[in-house]
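Undergrad: show me the folded form of this:
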Amino acid sequence: GIAGALARRAVLSERAVVVAGSREEAVAGLGALGRGENSPAVVAGSAGVPGRMVLVFPGQGSQWLGMGRELLESSPVF
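TA: Got it, this is the predicted structure:
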């Protein structure tokens, strides 16, 4: 499954993310990334030298009442 694949994946220095709300946007973003073109949907870069491990624990729930509702109303992708 996905968890197993992520747990065993190689840690590479080059990173990229394609932000898409549909299949068409994903295909366009991946195409731009593959061609080395700039795109507002693509974020790419190189990882720095690994640092020390840190743990961030955000808590057990939303940080304020209605947080999920606010995201749902303001973000069509969410």
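
Undergrad: average pLDDT for the helix or strand that contains Glu24, rounded please.
TA: For Glu24, the host element (DSSP states H and E) is helix 23-35. Across helix 23-35, the average pLDDT comes to 96.

Undergrad: give me the buried positions along it.
TA: Under the neighbour-count criterion of 16 or more other CB atoms under 10 Å, helix 23-35 has Ala28, Gly29, Leu30, Ala32, Leu33 buried. (Each C-beta comes from the backbone N, C-alpha and C, glycine too.)

Undergrad: okay, the residues you listed in CSV with distance to Val19 next?
TA: Formatted as CSV, the buried residues of helix 23-35 follow (distance: CB to CB, whole Å):
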residue, distance to Val19
Ala28, 11
Gly29, 7
Leu30, 11
Ala32, 12
Leu33, 11
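
Undergrad: and of those, the nearest to Leu6?
TA: Set against Leu6, the nearest of the buried residues of helix 23-35 by CB to CB is Leu30 (19.0 Å).

Undergrad: so what's that closest one closest to, chain neighbours aside?
TA: In this structure, Leu30 finds its nearest non-sequential neighbour in Val18, 5.6 Å apart by CB to CB, 6 or more residues apart in numbering.
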